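Colleague: Quick one, fold the following:
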Amino acid sequence: MSEYYGWAQCPGTCGEWIQGSKEGIPFLIDCPVNRYVELETYCVTLPGKENSEWRISPQKTKTEKALMLLAEYIGINFKGTVKFHSELPVGKGMASSSADLSAVMASVLTSIDISWSPEDLAKIALTIEPSDPVMFPGIIEFAHQDGKYMQELGPNAEAHLLVLDWGGIVDTQRFNTLSGLKFHYRKNELKIQKALQIFYEGISESDLEKLAYASTISAQCNQEINPKPFTQEFIRFVQRMGGLGILTAHSGTITAGIFPPEISAGQKEEILESLHIQFKPARSEWMETQNGGIRSLSLKDRLIKDKI
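Modeller: Numbering: from 1, shown residues only. Below is the predicted model:
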């Protein structure tokens, strides 16, 4: 039996720039940030029809299911171990599950020298639960419940995000089956369409102010179905501090103020201090936007990289 080692890294998100429905189809535009899941896979291929078997954290049931589905997809069974190093808390709206699934599949496929595409990973991930498109480069407009369509919008806008967590968790699968969700999307579709057109303009013009305006519309719509505390007060706070608007985790617990990339470290420290005095969130931190997409290496790749 041959032994294989793989490594992969996938970013999480700070919620979504926009989420709603377009012509009745639920979609989202994710906002990848500089927080990651990084993992290593060690495996051997199994002969014949022997079933795949993975040593993996008992909390990672979705990840284990993705590995079983991957074995069926490529017709190769494995026995192996997965080691996680994650900066993405669960249930907050940071795409932790999507990042886990994408990274583990990319790591295994890269290690055994089978080429893969983001579309391949998304197809498998969507059989488990609604998925964020973190496996794609840049930022993506994506039918996150069933993958009916995917549109590449370009690189993510450069911005600093003041992220607040109000505590608790939201289960993504449960959120996407809420009885009132379809009505909520239908009711707000015209507002989301307006936000989408402004967002497209912002992307084509590299105008962060337009992107922030569009995301604020979507965040305010989301208050009806997944309300966050002090949203209007937080919008005013962000604008008073030189920010441009907010974005939110539509099926999570976090909200973020959007600030231009030229904000200084000193300003960020002062804003964070003022934030705690006024709002007292359960957790807060600064993050930076970045592009989506997975980095992956095999053992051979890793050895070469380490020597450079």
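
Colleague: Arg283 contacts Leu164, correct?
Modeller: Yes: using Cβ atoms under 8 Å, Arg283 is in contact with Leu164, at 7.5 Å. (Each C-beta comes from the backbone N, C-alpha and C, glycine too.)

Colleague: Tabulate the CA atom coordinates of whatever helix or strand Lys123 lives in in PDB.
Modeller: Lys123 belongs to helix 118-126 when assigned by DSSP states H and E. Output in PDB follows, covering the C-alpha atoms of helix 118-126 (Å, rounded to 0.1, in the frame of the first residue of the first chain):
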ATOM      1  CA  PRO A 118     -13.700  24.100  -7.200                       C
ATOM      2  CA  GLU A 119     -16.800  22.900  -9.000                       C
ATOM      3  CA  ASP A 120     -16.000  19.300  -8.100                       C
ATOM      4  CA  LEU A 121     -15.700  20.200  -4.400                       C
ATOM      5  CA  ALA A 122     -18.800  22.300  -4.400                       C
ATOM      6  CA  LYS A 123     -20.800  19.500  -6.000                       C
ATOM      7  CA  ILE A 124     -19.900  17.100  -3.200                       C
ATOM      8  CA  ALA A 125     -20.300  19.700  -0.400                       C
ATOM      9  CA  LEU A 126     -23.800  20.500  -1.600                       C
END
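
Colleague: list the buried ones in it?
Modeller: Using 16 or more other Cβ atoms under 10 Å as the test for burial, helix 118-126 gives 118, 120-122, 124-126.

Colleague: Give me the pLDDT for Glu50.
Modeller: Glu50 carries a pLDDT score of 80 in this model.

Colleague: In terms of neighbours, single out the busier of Arg283 and Leu164.
Modeller: Leu164 (24 against 13; other Cβ atoms under 10 Å).

Colleague: Let me know whether the more buried one touches Leu275 as I believe.
Modeller: Yes: the pair Leu164 and Leu275 passes the contact test of Cβ under 8 Å, sitting 7.3 Å apart.

Colleague: Quick check: neighbours shared by those two?
Modeller: 281, 284 (Cβ atoms under 8 Å, 6 or more residues apart in numbering).

Colleague: what helices or strands is whatever helix or strand comes next after the helix holding Lys123 leaning on?
Modeller: Using DSSP H and E, the next helix or strand after helix 118-126 towards the C-terminus is strand 139-142. If contacts are counted by 3 or more Cβ pairs under 8 Å, 6 or more residues apart in numbering; DSSP states H and E, strand 139-142 sits against strand 25-45, strand 150-154.
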